[in-house]
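Undergrad: Let's see this in three dimensions:
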Amino acid sequence: MYLAWEMKNLSTKFHRHSHHHTQESENHEKEAIEEEQEQQEEKARCEWDFSLTTIVSSGNNNISSTPAISDALGVIEFDQTNSIIATGGIARKIRIYNFKSLFAHENTSQNAHEITCLDHARACDYYICTPAKLSSIRWKPSSDGRVLGSGDYDGVVMEYCLERRIPIFERDEHGGRRVWSVDYSHWDPVLGASGSDDGTMQMWDTRCESGEGVATVQPGVGRSAVCCVEFNPFGGPIVAVGCADRRVYGYDIRMTGDPVFVLDGHRKTVTYIKFLDNVTLVSASIDGCLKLWDSDNSNVIRSYKGHVNSRSFIGLSVWRNGGLLGCGSENNKVFVYDRRWGEPIWVHESNPVGRDGCGGGFVSSVCWRQVEEDQCTLVAGGSDGDLQVFQGRRKS
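TA: Purely as a prediction, here's the structure:
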């Protein structure tokens, strides 16, 4: 059992009550306590029932075919109402889906285990063609779901009006170097930021399409690539930046000269950073683990291992209401972790992979729907271009 190594140390907590307390009775006592603790741990780890409810594919893919690399999905985002989904990736398209359209039936007792299979043409409300491959998209907080920002492989940040389905904003501060991440401030709604291969985070006023930016931050050592940027979604003035130098930096947007915290613990490039609450953050890295941090003291609270990640962006999303973390994997699996334990609580394998465990594509993006407490929804996208929708229910 996974607790065996921990239980070996529990013997120091027990004392002999008398000289007549035999070794056999001690062993029975230890075994009883070990069994009780294992049962408690197992109960906590099995609080959720997850199921695959919908698959959205290109319509011409099957298990034996090889998807085109242009199908790969790099990012999935729910809007603020959690009713609209936007996706982007290598195909140079932003696809917009109504969440309800991904379900052809209600989950009743008769069909709760059925999987709805759709193609993108049928499920997608509409799409917008983009001039370059997309690495990041983000809904603009103050736009009531009408504006979507993007960062692309050509180093350009753009905004699109979804009502008119046209670009309305463009900035190019990164000298043509790939933009990995874009985000918007909830504390100052006119402020946006982008991180790039050029080693900088650029902050800009969304009302100004040209001219000087608000600030340029170079957080990494030796101008290391900035791979992820996230403002505090709870409204504080902090923005977190993850870099190829293996660290996460936190800046106060009112004074960006020096970081207010540095999180140092990963062994390789930090690919994603997410706020779980005002002071707790989750990071992902190509060292193959997620880490939970307390930004007040820059300490690691917990590390999460089980997924495979040594070279690719595999997605990271946090469901704040339930304390669950979701990520993809290079062995084409979806992983869910509970913030309380370092091992996954649920794993779903997509299409079969090669014998080496990494031969059939990978899960490249994930996103939780931020609603409810006893039910949850996780949407995952793959390098094959497929969307998968998983629903979870808390066990009674």
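Undergrad: where are the low-confidence patches of the stretch 251-396 of the chain?
TA: Judged by pLDDT under 70, the stretch 251-396 of the chain has its weakly predicted residues at 351-360.
Undergrad: all strands of it, in order?
TA: Applying DSSP state E, counting those that start in this stretch to the stretch 251-396 of the chain gives strands spanning 261-264, 270-275, 280-285, 289-294, 299-305, 316-319, 324-327, 333-338, 344-349, 363-368, 375-382, 387-394.
Undergrad: and the angle from the second one to strand 289-294?
TA: Relative orientation of strand 270-275 and strand 289-294, computed by axes from the mean of the first three to the mean of the last three Cα atoms, to 10 degrees: 40 degrees.
Undergrad: again with the fifth one
TA: Computed with the same axes, to 10 degrees, the direction of strand 299-305 lies at 160 degrees from that of strand 289-294.
Undergrad: what's in contact with strand 299-305?
TA: With Cβ atoms under 8 Å, 6 or more residues apart in numbering as the test, strand 299-305 has contacts from 263, 265, 280, 288-294, 325, 337, 339-344. Heads up, the C-betas are built off the backbone N, CA and C, glycines and all.
Undergrad: sorry, back to before: including mean neighbour count and distance to Cys117, could the strands of the stretch 251-396 of the chain go into JSON lines?
TA: Converted to JSON lines, the strands of the stretch 251-396 of the chain look like this (neighbours: other Cβ atoms under 10 Å; distance: least, Cβ to Cβ, whole Å):
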{"stretch": "strand 261-264", "mean neighbour count": "17", "distance to Cys117": "41"}
{"stretch": "strand 270-275", "mean neighbour count": "24", "distance to Cys117": "29"}
{"stretch": "strand 280-285", "mean neighbour count": "24", "distance to Cys117": "30"}
{"stretch": "strand 289-294", "mean neighbour count": "21", "distance to Cys117": "31"}
{"stretch": "strand 299-305", "mean neighbour count": "15", "distance to Cys117": "31"}
{"stretch": "strand 316-319", "mean neighbour count": "24", "distance to Cys117": "24"}
{"stretch": "strand 324-327", "mean neighbour count": "25", "distance to Cys117": "22"}
{"stretch": "strand 333-338", "mean neighbour count": "24", "distance to Cys117": "17"}
{"stretch": "strand 344-349", "mean neighbour count": "17", "distance to Cys117": "16"}
{"stretch": "strand 363-368", "mean neighbour count": "26", "distance to Cys117": "18"}
{"stretch": "strand 375-382", "mean neighbour count": "24", "distance to Cys117": "15"}
{"stretch": "strand 387-394", "mean neighbour count": "20", "distance to Cys117": "11"}
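Undergrad: need these in TSV with distance to Asn82, can you?
TA: Formatted as TSV, the strands of the stretch 251-396 of the chain follow (distance: least, Cβ to Cβ, whole Å):
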stretch	distance to Asn82
strand 261-264	29
strand 270-275	16
strand 280-285	20
strand 289-294	23
strand 299-305	25
strand 316-319	11
strand 324-327	15
strand 333-338	18
strand 344-349	21
strand 363-368	9
strand 375-382	9
strand 387-394	13
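Undergrad: And those: which comes nearest Val147?
TA: strand 363-368 (18.4 Å; Cβ to Cβ).
Undergrad: And that closest one, what does it pack against?
TA: Contacting strand 363-368 under the criterion 3 or more Cβ pairs under 8 Å, 6 or more residues apart in numbering; DSSP states H and E are the following elements: strand 73-78, strand 84-89, strand 316-319, strand 324-327, strand 333-338, strand 375-382.
Undergrad: Can you name the residues bridging to Cys129?
TA: Legend: beta-bridge partners of Cys129 under DSSP bridges are Lys93.
Undergrad: Count the neighbours of it for me.
TA: As a burial measure, Cys129 scores 9 neighbours (other Cβ atoms under 10 Å).
Undergrad: Can you give the distance from stretch 203-223 to the centre of its chain?
TA: For stretch 203-223, the distance from its own C-alpha centre to the chain's C-alpha centre is 24 Å (Cα atoms, centre = their mean, to the nearest Å).
Undergrad: Pull out the buried residues from that stretch.
TA: Judged by neighbour count (16 or more other Cβ atoms under 10 Å), stretch 203-223 contains these buried residues: Met203, Trp204, Thr206, Gly213, Val214, Ala215, Val217, Pro219, Gly220.
Undergrad: And for stretch 147-163?
TA: Neighbour-count burial for stretch 147-163, with 16+ other Cβ under 10 Å as criterion, is recorded at 147-153, 155-160, 162.
Undergrad: can you tell me which of the strands of the stretch 251-396 of the chain comes nearest to Arg171?
TA: If you check each of the strands of the stretch 251-396 of the chain against Arg171 by Cβ to Cβ, strand 270-275 wins as the nearest, at 22.0 Å.
Undergrad: which sections of the stretch 101-250 of the chain are below the confidence cut-off?
TA: Residues of the stretch 101-250 of the chain meeting the criterion pLDDT under 70: 104-113, 211.
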